[in-house]
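In: Below are the sequence and a predicted model for it; my questions follow.
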Amino acid sequence: MPVALSFFMQYGYVILFTWVLVEQIGVPIPSAPLLITAGTLSATHKINLPFALLAIVLGCLVSDTTWYFMGKRYGGVVVRLLCRLSMESNTCVKKTEGYFTRNGERALLVAKFIPGLSTVAPPIAGQTNMPLHLFLAYDAAGSLLWALAFTLGGRFFGDFLKHSNIVSSVSHSAGVLFILLLIGFLIYRFTRQRAFIKEMRTARLEPNDLKNMLDNGQQIYIVDLRHPLDYLPDPRTLPGAVLLTPDKLVEHTDSIPRDRDVVLFCTCPSEATAAKMALTLRKAGIFRVRPLRGGFDEWKRLGYPLEAIPELETATASHAVSS
């Protein structure tokens, strides 16, 4: 039996807890291959499945609760930090914000099944002031569903080997399965990320180019893709920008002008959401669309003009009067 596999069977619950904890903290090491391997070993009682599930759920709860309180205290800063660590930074912020907007705490039941959402869901829950008891209940339920999906898949594989009268090879097969799955996950994510980044870099627009276009009086359709939570630290936007979340942008595709340049911007790492939506619009037949490099943060850093968002300005003034 391989030394690594023997070590895993001896300290399996500690390894499961630690591995899941580290992944949920934000380090891009996939847990799925390890969970499947644990499920496979449970078929020969090398690993106790209920104890394995307990270790996995506890690992999730410790890391998720930590990020919940971080999000409650520091808000969007924490979310953007986690997205920079995530291997799915191209989708994590906007997908999570959209899920919470539509589903509230129920979003935690499925967040771990969607790449990029698992790590940033807890701090957004804290940022939106979700009650702690609701967060713990839904996060534990979602973690258990996620753990069951992978461990039971591995258990099915282990049971198949047992019924095929090759019980002696179950442990060895579990080790091989873990290595193959881990390599496959890493290659898939790396390839997907590289392809996305390559396409994004060929399309983005430099902030100084956009400013020159505006200064020259060119008609440009600028879309602010940020979520309402992103407006709280600084309720301003680019001159003439239309406020549309990604979901709303897709709904209003027919109203987007085809006779001028369309510029999209956000606040997520590497202007990822803007790039993704640019590709979506191109598939819908809108070809003069580009993401803004650096998004809102870079435009602001360069000292280029910004204008107040009327709706938020009015709301802030009303709040001040009532206070």
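Out: Sure thing, it's come through.

In: now the helices for the protein?
Out: Under the criterion DSSP state H, helices of the chain are mapped to 3-10, 12-25, 32-42, 49-74, 76-85, 92-103, 117-127, 132-163, 170-201, 207-215, 246-251, 272-283, 295-301, 310-322.

In: which strands and helices sit next to the second one?
Out: In other words, helix 12-25. helix 32-42, helix 49-74, helix 117-127 (3 or more Cβ pairs under 8 Å, 6 or more residues apart in numbering; DSSP states H and E). Bear in mind the C-beta positions are built from the backbone N, C-alpha and C, glycine included.

In: Kindly export that helix (C-alpha atoms) in PDB.
Out: Provided in PDB are the C-alpha atoms of helix 12-25 (Å, rounded to 0.1, in the frame of the first residue of the first chain):
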ATOM      1  CA  GLY A  12      -8.000  10.700   7.500                       C
ATOM      2  CA  TYR A  13     -10.400  12.800   9.600                       C
ATOM      3  CA  VAL A  14      -7.700  15.400  10.500                       C
ATOM      4  CA  ILE A  15      -6.600  15.600   6.900                       C
ATOM      5  CA  LEU A  16     -10.200  16.000   5.700                       C
ATOM      6  CA  PHE A  17     -10.800  18.800   8.200                       C
ATOM      7  CA  THR A  18      -7.600  20.600   7.500                       C
ATOM      8  CA  TRP A  19      -7.800  20.300   3.700                       C
ATOM      9  CA  VAL A  20     -11.400  21.500   3.500                       C
ATOM     10  CA  LEU A  21     -10.600  24.300   6.000                       C
ATOM     11  CA  VAL A  22      -7.700  25.500   3.900                       C
ATOM     12  CA  GLU A  23      -9.600  25.400   0.600                       C
ATOM     13  CA  GLN A  24     -12.600  27.300   2.100                       C
ATOM     14  CA  ILE A  25     -10.200  29.900   3.500                       C
END
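
In: which ones are touching residue 306?
Out: By Cβ atoms under 8 Å, 6 or more residues apart in numbering, the contact set of residue 306 is 236, 237, 238, 239, 299, 300.

In: can you name the two of those residues that are farthest apart?
Out: Farthest apart among these by Cβ to Cβ are 239 and 300. That separation is 12.6 Å.
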